[in-house]
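Undergrad: pasting the sequence and the predicted model now:
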Amino acid sequence: MIKVIVAGGGWAGCAAALSAAKAGAQVLLIERTDLLLGTGLVGGICRNNGRYTAAEEAIAMGGGDFFVAMDANSRHRGISFPGHSHASLYDVTTMEPLVKKILQNYGVELRMMNRVVDVQKYGKKIQAVMLHSGEVTKGDAFVDTTGTAGSMGNCLKYGNGCAMCVLRCPSFGPRVSLAAKADVKEIMGQRADGSYGAMSGSCKLNKDSLSEEIRGKLDTDGVAIVPIPEKLRKKNSLTKKACSQYALPAFAENLVLLDTGHAKLMTSYFPLEDLRAIPGFESVRFEDPYAGGMGNSMRYLGIAPCDDSLKVEGVDNLFCAGEKSTILVGHTEAVLTGLLAGHNAVRYCLDMRYLTYPRSLAAGDFIAFSHEQMLSEEGKKVRYTFSGGVYFARMQELELYSINRAEISERIASAGLTDIFNGCLV
């Protein structure tokens, strides 16, 4: 039986494992921590702006299991906040067990608290992965979804230092890239000033530490917007963020809070002393696992060169997804790349032509456009997302943005991709 090994259990890795299992492979998902979803454990935003279109494309292609779960587990639906419409906020405190159950129902083997530290390679093919325990596990095809953040040293070098973020490198060991271990020269994303990496775009507040008025607003509306006094506004705060779709003046002038189970503060960090000087935040404290008074989680420091099928250059049986595959932002974006990478890993084993999303779809244009842009130095300084920034503007210009489910389903049908991820290939 075909065996596909996925390294990394974030949204992209979970999606790759799901699509490979649906395609008929035996799937092993290796995750270095004790929880799946990675940054999805502190994310929670979906369906906003062009992510609505992308999610519906995935559903029409038969890869909607996780989007259906997000919808079912949303605390708020159809909310608006600066620059964003019709957003849903899934509950970050309860999402992970639902995803784990879905994968187990499809027969995916989960190897938690295991870390890939090296690969065994012969010629242009990976034969096996080596775990930190010394175990050697063979596979036929591999998917690298190890992300681009960490290790601690990178956060120290390029950011404000390690503050024990959701990746928890000190507890579970640093991220190790399969692509790098297979001798692939990786790409580093940059900020506008040419420095490397970008800081995660939000942090968490304990809801019970907020004023009753703010808590009530979050519970009722899902969003609370509180003006920041002029003297406490942080200069250049928007340029540090990975999430360019939130790099709008409203996010520098206000504290934008979203109810994802915690109170999600839409800024990279905010010094606690300054935060407590704002009415309603007098007793506030940050909620683990992000230390939001410091800022942490430096990303885009290890992107694998790959084509639009997400096969990694120079290695015949290695695919990638999520931030490993391009400078993307978001869970929706990660899931769409994961579905494609896992599916193509099975196609490799069957000597089938690889699937690529056509550019008539938002998913296809997104991957192709971001890859084209990353060929230039300026393109490496841009972050790509369906929900804002350069790509959402392009999406609207090309008339790919839609919230009409029937219209989106028709596009998928016209491309011949209806339920493509529900078919068993083996």
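TA: That came in fine, so what should we check first? Residues are numbered from 1 along each chain as shown.
Undergrad: measure Val116 to Arg32 for me?
TA: Distance of Val116 to Arg32, given as CB to CB, to the nearest Å: 8 Å. Every C-beta, even on glycine, is put in place using the N, C-alpha and C of the backbone.
Undergrad: buried stuff in the lengthiest helix in the chain?
TA: Ranked by number of residues, the top helix in the chain under DSSP state H is helix 331-349. Using 16 or more other CB atoms under 10 Å as the test for burial, helix 331-349 gives 331-349.
Undergrad: I'd like the next helix or strand past it.
TA: Downstream of helix 331-349, the first helix or strand assigned by DSSP states H and E is helix 362-373.
Undergrad: and the helix or strand following that next one, which residues are buried?
TA: Counting by DSSP H and E, the next helix or strand C-terminal to helix 362-373 is helix 389-397. Neighbour counts over helix 389-397 (16+ other CB under 10 Å) mark Gly389, Val390, Tyr391, Phe392, Arg394, Met395 as buried.
Undergrad: which other helices and strands contact the longest helix of the chain?
TA: strand 3-7, helix 11-22, strand 45-46, helix 50-60, helix 65-72, strand 141-144, strand 318-320, helix 362-373 (3 or more CB pairs under 8 Å, 6 or more residues apart in numbering; DSSP states H and E).
Undergrad: and the third one, what does it pack onto?
TA: Under the contact criterion of 3+ CB pairs under 8 Å, 6+ apart, the helices and strands touching strand 45-46 comprise strand 84-90, helix 331-349.
Undergrad: likewise the last one?
TA: In terms of contact count using 3+ CB pairs under 8 Å, 6+ apart, helix 362-373 is assigned the packing partners helix 50-60, helix 331-349, helix 389-397.
Undergrad: repeat that for the fifth one.
TA: With contacts defined as 3+ CB pairs under 8 Å, 6+ apart, helix 65-72 has these neighbours: helix 11-22, helix 50-60, strand 84-90, helix 95-105, helix 331-349.
Undergrad: pLDDT of the first one, averaged?
TA: So that's helix 11-22. In this model, helix 11-22 has a mean pLDDT of 98.
Undergrad: by mean pLDDT, flag the weakest helix or strand of the chain.
TA: Sorting the helices and strands of the chain by mean pLDDT, DSSP states H and E puts strand 198-199 at the bottom, at a mean of 79.
Undergrad: Thr39: what secondary structure?
TA: Following DSSP: H, G, I helix; E, B strand; the rest coil, Thr39 is assigned to helix.
Undergrad: need the contact list for it.
TA: Thr39 makes contacts with Gly10, Trp11, Gly147, Ala149, Val166, Leu167, Ser200, Ser297, His331, as judged by CB atoms under 8 Å, 6 or more residues apart in numbering.
Undergrad: and of those residues, the nearest to Ala277?
TA: Using CB to CB, Ser200 is the member of the contacts of Thr39 that sits closest to Ala277, with 23.9 Å.
Undergrad: report pLDDT for the nearest residue to the closest one once chain neighbours are set aside.
TA: Excluding its sequence neighbours, the residue lying closest to Ser200 (CB to CB, 6 or more residues apart in numbering) is Ser297, at 3.9 Å. For Ser297, the pLDDT comes out at 77.
Undergrad: can I assume Ser297 is in contact with Met199?
TA: Yes: with contact defined as CB atoms under 8 Å, Ser297 counts as touching Met199 (6.7 Å).
Undergrad: between the two, point out the one with more neighbours.
TA: A side-by-side neighbour count of Ser297 and Met199, using other CB atoms under 10 Å, places Ser297 first with 28 against 23.
Undergrad: look up how far Ser133 lies from that one.
TA: In this view, Ser297 and Ser133 are 26 Å apart by CB to CB.
Undergrad: could you do Asn49 as well?
TA: Distance, Asn49 to Ser133, using CB to CB: 43 Å.
Undergrad: which one's more surrounded, those two?
TA: In this view Asn49 and Ser133 are compared by other CB under 10 Å, and Asn49 has more residues nearby, 23 against 10.
Undergrad: residue contacts, that one?
TA: Gly83, His84, Ser85, His86, Ala87, Gln245, Phe386, Ser387, Gly388, Phe392, Tyr401.
Undergrad: now swap in Ala141 and tell me
TA: Contacts of Ala141 (CB under 8 Å, 6+ apart): Ile2, Lys3, Val4, Ile5, Ala25, Asn317, Leu318, Phe319, Ala345, Val346, Tyr348, Cys349.
Undergrad: these two touch, right, the fifth one and Val346?
TA: Right, Ala25. Yes: if you go by CB under 8 Å, Ala25 and Val346 touch, sitting 4.9 Å apart.
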